[in-house]
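Engineer: Quick one, what's the 3D model for this:
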Amino acid sequence: MSYFADDWKKWGGGQKAPIGSLKDIELHEKLKNYKKLVAKRYRVVTPDLITKYLPDGNLWISTKVDGELWFAIKREGEVALVAYNGRCIQNVPVVEELEKQLKDIKTAIIPGELFALAGKGRPRVGNVASALGDDEKAKTLGFKAFDVLECDGEDYLYKGYNDRFEILEKHFKDGKRSCLVTTAVGEKSDASDYFDEWVKSEKFEGLVVRSEQGITYKIKPFVTIDCVVMAYGERQEGGRAQVRELTVALKRDDGTFHILGNVGNGFGESGRAEWHDRLSKLQIESTFRMANREGTLCRFVEPEIIVEVKCSDIVDTDSRDNPVRRMALSFDEKKG
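Structural biologist: Predicted coordinates for the structure are as follows:
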């Protein structure tokens, strides 16, 4: 009988148990709580603002691996990889290596990035899902440890990263399938150099920079998306109507428009007024109602204006890991 999940054999070769299989409810809550805290601590910094927004002092500059957040856990002599949603993995090569690395520790919770080797190029998060669904591909799984939540019963969540990094170096520095995430200690000027070396070369997805102040920064290249303007929110400024934000969407293969979200940056004051003059002439009726950030209803427009939106990340879940859902709308020239 396993500490982590019951009846492993029915879950694909005795290796992987599905979401919600973790038996220890208290442990499961710890993992979910860590996910929420990490999401709140991360601050996104664009590459051009590295030296402006990163703090002075020692920084731990790490590569960002394109994978999933999992935890290497040891309990009652057993080791497993566990996701915050309660899915468990045992009896695969990466866990066998973890067992050796954690042999001198009684209990441990080590957050890290679960990834799967790709045939060509750097690992992608989609490779993980493929490996989890195939026993043979599960052999390509790897683990990059980047934090310490618990070690030998001691809580490390609020300790300085220097203390946590010492534990990671001790146990994961020389690993192969399971190892310490590539990390350099330096200052903010060094972060720019490492971004050029590690990210611009397309070897890694981005950088994660941890500071002495306990704040973690995520640095990734810009992503640009061509979107159609579906609606706008307005405000009054100086007696003149202005655009507060644009609601943008992507056109799907079936002709419907899938709303992405709102864009409120990138306008000058005069630009907001000019956008209002332009969009107000395209306003149409809509049976769908949507509020803007001012608390008033958005005004829908004919979907004919294309804009390029620049962002640093694309996510499909919120900070509580709930799916981000947006409406898909149809357009009729007569009905709106």
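
Engineer: which residues of this structure fall in helices?
Structural biologist: 12-15, 25-41, 50-53, 93-101, 125-132, 161-172, 188-194, 269-280 (DSSP state H).

Engineer: Adding mean neighbour count, write these out as CSV.
Structural biologist: Where you see a C-beta, it was placed from the backbone N, CA and C, and this is true even at glycine. Formatted as CSV, the helices of the chain follow (neighbours: other Cβ atoms under 10 Å):
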stretch, mean neighbour count
helix 12-15, 15
helix 25-41, 15
helix 50-53, 14
helix 93-101, 19
helix 125-132, 17
helix 161-172, 18
helix 188-194, 17
helix 269-280, 15
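
Engineer: could these be laid out in TSV, adding mean pLDDT and distance to Lys64?
Structural biologist: Output for the helices of the chain, formatted as TSV (pLDDT from 0 to 100; distance: least, Cβ to Cβ, whole Å):
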stretch	mean pLDDT	distance to Lys64
helix 12-15	50	27
helix 25-41	86	13
helix 50-53	89	14
helix 93-101	94	19
helix 125-132	79	11
helix 161-172	94	16
helix 188-194	91	11
helix 269-280	88	34
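
Engineer: Out of these, which gets nearest to Val181?
Structural biologist: Smallest distance to Val181 across the helices of the chain (Cβ to Cβ): 8.2 Å, for helix 161-172.

Engineer: got the CA coordinates for that closest one in CSV?
Structural biologist: Provided in CSV are the C-alpha atoms of helix 161-172 (Å, rounded to 0.1, in the frame of the first residue of the first chain):
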residue,chain,number,x,y,z
TYR,A,161,16.2,32.1,-0.6
ASN,A,162,19.9,31.7,0.4
ASP,A,163,18.9,29.1,3.0
ARG,A,164,16.7,27.2,0.5
PHE,A,165,19.3,27.4,-2.3
GLU,A,166,21.9,25.8,0.0
ILE,A,167,19.7,22.7,0.4
LEU,A,168,19.0,22.6,-3.4
GLU,A,169,22.7,22.8,-4.2
LYS,A,170,23.5,20.0,-1.6
HIS,A,171,21.0,17.5,-3.0
PHE,A,172,20.4,18.4,-6.6
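
Engineer: Now tell me what touches that helix from outside.
Structural biologist: Contacts of helix 161-172 with the rest of the structure, by Cβ atoms under 8 Å, 6 or more residues apart in numbering, involve 58, 60, 101-102, 105, 110, 145-148, 151, 156, 178-180, 183, 210-212, 214.

Engineer: Kindly recompute the last result at 6 Å.
Structural biologist: 60, 101, 145, 148, 151, 156, 179-180, 210 (Cβ atoms under 6 Å, 6 or more residues apart in numbering).

Engineer: Quickly name whichever of those is closest to Val44.
Structural biologist: For those, the residue nearest Val44 by Cβ to Cβ is Arg210; the value is 14.4 Å.

Engineer: I figured that closest one was touching Thr216, is that so?
Structural biologist: Yes. Proximity of Arg210 to Thr216 meets the contact threshold set by Cβ atoms under 6 Å, at 5.1 Å.

Engineer: So between those two, which is more surrounded?
Structural biologist: With neighbours defined as other Cβ atoms under 10 Å, Arg210 and Thr216 compare such that Arg210 has more, 23 against 19.

Engineer: Excluding covalently adjacent residues, which one is nearest to that one?
Structural biologist: In space, and not counting its chain neighbours, Arg210 is closest to Trp60: 4.4 Å by Cβ to Cβ, 6 or more residues apart in numbering.

Engineer: Neighbours of the one you found, how many?
Structural biologist: By the measure other Cβ under 10 Å, the count of residues near Trp60 is 21.

Engineer: Quick check: beta-bridge partners of it?
Structural biologist: Judged by DSSP bridges, the bridge partners of Trp60 are Val185, Arg210.

Engineer: residues in contact with it?
Structural biologist: Counting by Cβ under 6 Å, 6+ apart, Trp60 touches 161, 183, 185, 210.

Engineer: ok, 10 Å please
Structural biologist: The neighbours of Trp60, taking Cβ atoms under 10 Å, 6 or more residues apart in numbering as the test, are 146, 161-162, 164-165, 168, 181, 183-186, 208-212, 216.

Engineer: ok, now Lys220?
Structural biologist: For Lys220, the contact set (Cβ under 10 Å, 6+ apart) comprises 44-47, 64, 195, 199, 204-208, 311-314.

Engineer: What separation do you get for it and Val199?
Structural biologist: Remark: distance between Lys220 and Val199 (Cβ to Cβ, to the nearest Å) = 8 Å.

Engineer: Which residues are in contact with each of the two?
Structural biologist: Contacts common to Lys220 and Val199, judged by Cβ under 10 Å, 6+ apart, are 47, 64, 205-207.

Engineer: Most neighbours among those, which one is it?
Structural biologist: Neighbour counts for those peak at Leu207, which has 23 neighbours (criterion: other Cβ under 10 Å).
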